[in-house]
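Engineer: Build me a model from this:
(2 chains)
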Amino acid sequence: MEKHISLLLVVIPLIAAPIVAVLPRGRLPWLITLIITFICAILASTQLWTVLHDGVISYELGGWAPPWGIEYRIDAVNALIALIVAAIAAITLPYALLSVEKEIPQHQIPLFYSAFLLCLTGLLGIAQTGDLFNIFVFLEISSLSSYALISLGRNRQALTSAYQYLIMGTIGATFFLIGVGLIYSQTGTLNMQDLAKLLPEVVQLKTVHTGFAFIMIGIALKLALFPLHLWLPNAYTYAPSVVTIFLAATATKVAVYVMLRVLFSIFPNEFALATPTYELFILFAMAGILIASVYAIYQTNIKRLLAYSSVAQIGYIALGIGFASTKGVTAALIHVFNHALIKAALFMAVGAIIYRIGSCRMGNINGLGKQMPWTFGAIVIAGLSLIGVPGTAGFVSKWYLLFAALEQDAWVSAAVILFGSLLAMIYVGKIIEALYFKPVTDSNKSVKEAPLLLLLPTWTLVLANIYFGFDTSLSVGVAETAADVLGVVNMVSINDS
Amino acid sequence: MTPETLMTTILLLPLLGAIGIVATRHHPNLREGVTLVTASLVAILVVIIANQFLAGKEFVLSLAEPMPGLSIAFKIEALGMLFSLIVGLLWLVTSIYAIGYMRSHNEKNQTRFYAAFAVAITCALGIAFSDNLFTLFLFYELLTLSTYPLVTHAGTAEAKKAGRVYLGILLGTSIGFFLLAILITWFVSGTVTFQQGGVLAGKLDPAWAGLLYALFLFGIGKAALMPFHRWLPAAMVAPTPVSALLHAVAVVKAGVFTLLKVTLYIFGSDFILSNNVTGGLIWVAAATILFASMIAMSKDNLKARLAYSTISQLSYIALGAMLATKSGLIGASMHIAMHAFSKITLFFAAGAVLVVTHKKLVSELNGLGRAMPVTFAAFLIGTLSIIGLPPLGGMWSKWYLGLGIVETTQLLLLAVLMISSLLNIAYLLPIPVRAFFSKPASGEHYTEIKEAPKTILFAMIITSSACIILFFYPDPFYQLASLAAGGP
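Structural biologist: Predicted coordinates for the structure are as follows:
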């Protein structure tokens, strides 16, 4: 049992998905999914614990030795990512019961949970596998299921946004596949460990360079790195609340993981340093932070506002990667963790508002802060964490990121990070002002606080935001170990000033 | 009680008080009882701590270490003792005042008011006791956030706009500059713990020291140096007890207190003096002193005038800090105390006038002195103390600030101080004079108007007598100030 954990983590939700799809309507599909996600969360924590104490786990699928067979190779980096994915899924599920019943037609609910489990399978698979082609397979599983999930949104726009995401996502996946193919043509292997050994001999080849570029752009699309983010705001806005919560907290984070793997584990460290990769990262990250934050300020739909904020936050993560230093990658990983907590909490709170009034447009939410004090409190605290106020998880991210910037004398980046926080202050302030000061509309006078089943998961995450602002031994500790594992070498300081 | 328990108790008490206030929200009398009991306990505790501290006891408390090397830790030193003493004692007086004020003024949402007030006190005490910049920054930001509901208390469009300015400037400067300055300090010296003599000497290239100091100076927006002063007049839309305790004492003094801490324990006065770190920046403070006084003269709204007066007076403290000589630092530290007692008296009086007559403008006060003699007598005492005349406490801090300037031989600064005192006379003294000697404009007689409710009068009498007592007996504050400045 112990040694099969890594496989079970992927196989359990995969097997459960078709079962849930054929279950009768009612609450049974939800219950099964809930149990599965909890099992996954427990397995993922056990896995992380094992990796931290006993070192890397290598699991050979079907007993075929790598590099011929598929290998699942778990170190601190992907153990952390798998835990984030599984834990967020487990926290989302109790929330899902009421929210899904409200937002999705009865007859589609079993299918919804089935697609949700497939999406979970895909994301966990990407995190677990040690095989580059296998990543593509799981990427497609997660993407296809998320197109379906997004299209279940109540508005008709959900269909067009799902379609938009489908087009962009497929282009991304295709680019990734082309890149993998080009590299396979030169090395003859798909196993990451093996690639890491063979690639140094062929790095000078133009084919490898081209493959690298294809992979980077492909993942950047999945990552929604500015300016390849265009699919994200619509997808997040029109998807059902639960889908937005789950995808915002996990999907882009998994893409970050793939990016880190390719940059630091598969390709030799020097490779990307010799190309303009990091300069481009820093450039697009800074542009993303500034432009997406300004866009967020002008949104009237709160989900869309938070979606643009996500694009900006991805910019922070990309900036950390762009520093190409241990500190930078640590900061990026910390923010992956913290941002998952922040955004999931915020989207949950907004989902609670949608549950009550069926909308989250600026004009409709006026004055709800008094009627829904707990939901409002959650938005305030998670919002402060998003800004990066000390005492919250968001501050820890900003601190490490700024430190990484100072380490390289990257003053422009440091200024952008701080300025981004100020912009975040404005858009968070806009939500809070609407909820707190504007007089409540007549139709909302009788609105009550959200049900406990929505509030509990929300507040679990809100308290986690505070907890990880004071005790960072898990978030920072694991991120530091992970950055070590990736073997980031600080060679050349990239000076962007 | 051991020092640790004393510190934990005093930090937690206002928080528990806030919970108690919310719990008793349906019984106003009980709720105010909770406030008074909590405030009294805090006042008693702070005096006990001060006594033990002066007797040589060490007060150290470490709570958590969120990031390696960055801990949430408290340690009381002389300056923090002085600040916490003022906050602790004046909270009690203000609470007594607030009960009379809030009830006579029929304010809404009083539970939120008292609860947020108590939380703000915890934050101010946290700032006073913090042992490192990280802890200080944490409570500094929490203080901004906890006072936001107080500033926007009225809920009107004006209050909302003021709230935006308030949060925008305070959070903006602290995230934009202060955080960066803390991070640079950490990056350069590897520590953010306050240490006697500073942590930067020998580690920071003196050429960059001025720039770092500027980041601190402008980043600590609560010190209200120009051009980041707009939040303070904006905050005046809050109920008067808030303006009195928070925006004349706790919040703004937290700003200059932080500046003094940074000067003394991060840079170190020797480092500043030997490298002339603040040579140019000191003129920012000098300019703020003069400009704010001039703007104060042009304000007809009483609270706005007092707000600009506060901005000007805060820069006295900033100036003393930047002088970095022993007398300058003593003067600055003492001015924290002296200005606190004088300015809170002025605000109490302004609030009393507002409650009784609903008048907000200076030009409407003619002749009110006879109807409200106690109020305007208190106002006169506060005025004279701000100007710095004997026999009032305000004289001492100005005396030492003057001495500090003489030590550095920057005599032009002395001229600034003198002009400013004249300006103080010009914008404050006419107020009680009008009230006592001018006739009401419309010829009406204030026969209907009586003094404000007893709690309000009581609070005013206490603070104004404190202004007088501090002239004859400034010793506790002087002792703490000179300890902070490095030696008895």
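Engineer: In chain B, what residue comes closest to chain A?
Structural biologist: Closest to chain A within chain B is residue B:138: 4.3 Å, counting by C-beta to the nearest C-beta. Quick note: C-beta positions are derived from backbone N, CA and C, even for glycine.
Engineer: Surely that residue touches residue B:71?
Structural biologist: No: if you go by C-beta atoms under 8 Å, residue B:138 and residue B:71 don't touch, sitting 10.9 Å apart.
Engineer: residue boundaries of the strands in chain B?
Structural biologist: For chain B, applying DSSP state E gives strands covering B:60-67, B:70-75.
Engineer: before we move on, the earlier item: more neighbours: residue B:138 and residue B:71, which one.
Structural biologist: Remark: of residue B:138 and residue B:71, residue B:138 carries more neighbours, 24 against 18, as counted by other C-beta atoms under 10 Å in any protein chain shown.
Engineer: got the contact list for that one?
Structural biologist: A:390-391, B:72, B:126, B:130 (C-beta atoms under 8 Å, 6 or more residues apart in numbering or on different chains).
Engineer: For chain B, what is the nearest residue in chain A?
Structural biologist: residue A:390 (4.3 Å).
Engineer: related to what we said a few turns ago, tell me which of the strands of chain B is the most buried.
Structural biologist: The highest average neighbour count among these, using mean count of other C-beta atoms under 10 Å in any protein chain shown, belongs to strand B:70-75 at a mean of 20.
Engineer: packing partners for it?
Structural biologist: If contacts are counted by 3 or more C-beta pairs under 8 Å, 6 or more residues apart in numbering or on different chains; DSSP states H and E, strand B:70-75 sits against strand B:60-67, helix B:110-129, helix B:133-151.
Engineer: so the second one versus helix B:133-151, what angle?
Structural biologist: Right, the one you point to is helix B:110-129. Calculated by axes from the mean of the first three to the mean of the last three C-alpha atoms, to 10 degrees, helix B:110-129 forms an angle of 160 degrees with helix B:133-151.
Engineer: low-scoring stretches of chain B, by residue?
Structural biologist: Along chain B, segments meeting pLDDT under 70 span B:441-447, B:487-488.
Engineer: if we can go back for a sec, farthest-separated two in the contacts of residue B:138?
Structural biologist: With C-beta to C-beta as the measure, no two of the contacts of residue B:138 lie farther apart than A:391 and B:130, at 13.0 Å.
Engineer: out of those two, which sits in the more crowded spot?
Structural biologist: residue B:130 (25 against 22).
Engineer: For the more buried one, list the residues it contacts.
Structural biologist: Applying C-beta under 8 Å, 6+ apart, we find residue B:130 in contact with B:73-75, B:80, B:136, B:138-139, B:194.
Engineer: for it, which residues make a bridge with it?
Structural biologist: Beta-bridge partners for residue B:130, by DSSP bridges, are residue B:74.
Engineer: For it, give its distance to residue B:77.
Structural biologist: Using C-beta to C-beta, to the nearest Å, residue B:130 is found at 10 Å from residue B:77.
Engineer: likewise residue A:273?
Structural biologist: Distance from residue A:273 to residue B:77, counting by C-beta to C-beta: 48 Å.
Engineer: Of those two, which one has the most company?
Structural biologist: residue B:77 (21 against 16).
Engineer: my guess is the more buried one contacts residue B:194, does it?
Structural biologist: Yes: at 7.4 Å, residue B:77 and residue B:194 qualify as touching, with contact defined as C-beta under 8 Å.
Engineer: shared neighbours of the two, anything?
Structural biologist: Common neighbours of residue B:77 and residue B:194 (C-beta under 8 Å, 6+ apart) are residue B:265.
Engineer: Quick one: the helices in the stretch 251-400 of chain B, in order.
Structural biologist: Assigned helices in the stretch 251-400 of chain B, in chain order: B:251-261, B:269-275, B:282-298, B:302-323, B:326-357, B:368-371, B:373-387, B:394-408 (criterion: DSSP state H, counting those that start in this stretch).
Engineer: so what's residue B:466 closest to, chain neighbours aside?
Structural biologist: Nearest-residue entry for residue B:466: residue B:341, 4.8 Å, with adjacent residues in sequence omitted and distances by C-beta to C-beta, 6 or more residues apart in numbering or on different chains.
Engineer: Same check on residue B:84?
Structural biologist: Excluding its sequence neighbours, the residue lying closest to residue B:84 (C-beta to C-beta, 6+ apart) is residue B:128, at 3.9 Å.
Engineer: which residue ranges form the strands in chain A?
Structural biologist: A:57-60, A:71-74.
Engineer: Mean neighbour count, those: which tops it?
Structural biologist: Mean neighbours per residue, mean count of other C-beta under 10 Å, is largest over the strands of chain A for strand A:71-74, with a mean of 22.
Engineer: which helices and strands does it pack with?
Structural biologist: The contact analysis (3+ C-beta pairs under 8 Å, 6+ apart) places strand A:71-74 against helix A:5-22, strand A:57-60, helix A:192-202.
Engineer: so how far is that strand off the chain centroid?
Structural biologist: Remark: strand A:71-74 is offset 21 Å from the chain centroid, using C-alpha atoms, centre = their mean, to the nearest Å.
Engineer: again, but for stretch B:42-56
Structural biologist: On C-alpha atoms, centre = their mean, the centre of stretch B:42-56 falls 20 Å from that of its chain.
Engineer: same check, this time on stretch B:92-99
Structural biologist: So, by C-alpha atoms, centre = their mean, the centroid of stretch B:92-99 is 16 Å from its chain's centroid.
Engineer: what's the burial count for the residue nearest to residue B:466?
Structural biologist: Residues lying near residue B:341 (other C-beta under 10 Å) number 30.
Engineer: and the gap between it and residue A:291?
Structural biologist: 51 Å.
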